[in-house]
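**Q** sequence first, predicted model second:
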Amino acid sequence: MKRVDDFRLMFGKKEYVPIMIGGMGVDISTAELALEAARLGGIGHISDAMVPDVSDRRYHTTFVKTKLKLYKHNINNSDKSSVQFDLGVLAEATRRHVESTMTARRGDGLIFVNCMEKLTMNAPRETLQVRMASALDAGIDGITLSAGLHLGSFGLLESHPRFRDAKLGIIVSSVRALQLFLRKNAKLNRLPDYVIVEGPLAGGHLGFGADWAQYNLAVITAEVIAYLKTEQLSIPVIAAGGIFTGSDAVSFLETGSAAVQVATRFTVADECGLPKKVKQEYFKASEDDIVVNTISPTGYPMRMLKGSPAIGAGIRPNCEAYGYLLDGSGNCAYITAYNRELALNPDIKTLSVLDKTCLCTQMRNFNLWTCGQTTYRLKDTTRRLEDGSYQSLSAEHIFKDYQFSTDQKVVLPDLVQS
Ligand SMILES: Cc1cc2nc3c(=O)[nH]c(=O)nc-3n(C[C@H](O)[C@H](O)[C@H](O)COP(=O)(O)O)c2cc1C
């Protein structure tokens, strides 16, 4: 019976354990988590979502405070078009985060950064270019393009000295999205180094519409592999979304995937950035507690725990401090929803906004508990302690469980009494 460890992901002549830990913003996939994946010979991701805020928390910079001070006068103005990111600050914050992570890297694996196109930051092209270029400047091994079609993203990097040597990959949820990407970039003579196929059971935003439940990861992955074969393109395909055990992973590796990308199992790892209390919510969750809804202002459906404090919260938009979802004209669907409720309920002190959420603030404060569909099985991956709580696990334990387990088994950690 095969185990994940019987397979290797090849990039050129180099080989890796075919386990990639997916990017989870905002700093849920921490540097510590990514570093463990790399140390163990696989691939880890940090995320560049809200990186000035992440830098403030990790490296004691004051980027958010400075931005808020600059735009404070605009807080009560619903027009946010003047609230711009300082590109120099964005570059510095990215460099700090990437450099500090890469300096700590040990082992034979790699560290990539997850770069979401939907973080339009009131200047989509300019900010995305700076984010990607500064990550490359700071020595990141690769960039995973996510949450968007990224039709122009390779073009933004074309003149960067590392454009052809860094690993660049894209997340797609259909053959069609991949075809579009490849066609759009054909003239650059630069193929992606890997394609991640993310199915409908993943955490975070979904690359599907309201009919997400009709899709199946194994089917889409097979379609992508078949398409690349027809086109005679040799690009590693990495399956993601709902792969919960080593045996699940093996079934993809045996049918042509070069690796798997996993995340949900690691949300309860010691190294994961979620607060301890929130990890317990993930452990406790039952299948009924998980919902896919449309409260994200990005327009993509998003999976989360129904108990997320973000759901229904009606806080004032916080774009002067954050503003990561402002489109190129300073709009965000949450601002519209908030202003509508404010106009309808001028005298109510605590507003409730049901249809959208202030994603920046809620993700930043770990009040939006996004999760994969398999979250309800996390309780079966650990031990229950005497006080009724669940024991958290090391990333190494989870990684090795994926790498070596067979027969749909999940190895429990040794009991540690708290
Ligand atoms: C808590 C959480 C946050 C996530 N955030 C992001 C993100 O910021 N960007 C992204 O591309 N994918 C994100 N994802 C998706 C993962 O990177 C990954 O592809 C997917 O969840 C894998 O499926 P699994 O969770 O069932 O293992 C997130 C997933 C989780 C569970």
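**A** Thanks, I have the structure now. Predicted, not measured: the structure shown is a model, and the values here were computed from it.
**Q** now what about the lengthiest helix in the chain, what contacts it?
**A** The single longest helix within the chain, with elements called by DSSP state H, is helix 87-103. With Cβ atoms under 8 Å, 6 or more residues apart in numbering as the contact definition, helix 87-103 has outside contacts at 31, 34-35, 46, 48, 51-52, 54-55, 58-59, 61, 63, 66-67, 111, 113, 121, 126-127, 130-131, 133-135, 137-141. All C-beta atoms are positioned from the backbone trio N, CA, C, and that covers glycine.
**Q** so how do I select the buried members of the residues you listed in ChimeraX?
**A** Listed next is the ChimeraX selection for buried residues among the contacts of helix 87-103, using 16 or more other Cβ atoms under 10 Å:
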select :31,34,35,46,48,51,52,54,55,58,61,63,67,111,113,121,126,127,130,131,133,134,135,137,138,139,140,141
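**Q** okay, the longest helix of the chain in CSV with CA atoms only?
**A** C-alpha atoms of helix 87-103 as CSV (Å, rounded to 0.1, in the frame of the first residue of the first chain):
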residue,chain,number,x,y,z
LEU,A,87,3.8,51.9,-2.3
GLY,A,88,7.2,52.4,-0.5
VAL,A,89,5.6,51.2,2.8
LEU,A,90,4.0,48.2,1.1
ALA,A,91,7.4,47.3,-0.4
GLU,A,92,9.1,47.6,3.0
ALA,A,93,6.5,45.6,4.9
THR,A,94,6.6,42.8,2.3
ARG,A,95,10.4,42.8,2.3
ARG,A,96,10.5,42.6,6.1
HIS,A,97,8.1,39.7,6.3
VAL,A,98,9.7,37.7,3.5
GLU,A,99,13.3,38.4,4.5
SER,A,100,12.7,37.5,8.1
THR,A,101,11.0,34.2,7.0
MET,A,102,13.6,33.3,4.4
THR,A,103,16.5,34.0,6.8
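**Q** what residues of that helix count as buried?
**A** For helix 87-103, a neighbour-count test (16+ other Cβ under 10 Å) marks 87, 89-99, 101-102 as buried.
**Q** which among those gets closest to G204?
**A** Lowest distance from G204 to the buried residues of helix 87-103 (Cβ to Cβ) belongs to H97, with 19.1 Å.
**Q** measure the residue of the chain positioned farthest from its centre to C358 for me?
**A** Farthest-out residue of the chain from its mean C-alpha position, per Cα atoms, centre = their mean: D347, at 38.4 Å. In this view, D347 and C358 are 21 Å apart by Cβ to Cβ, to the nearest Å.
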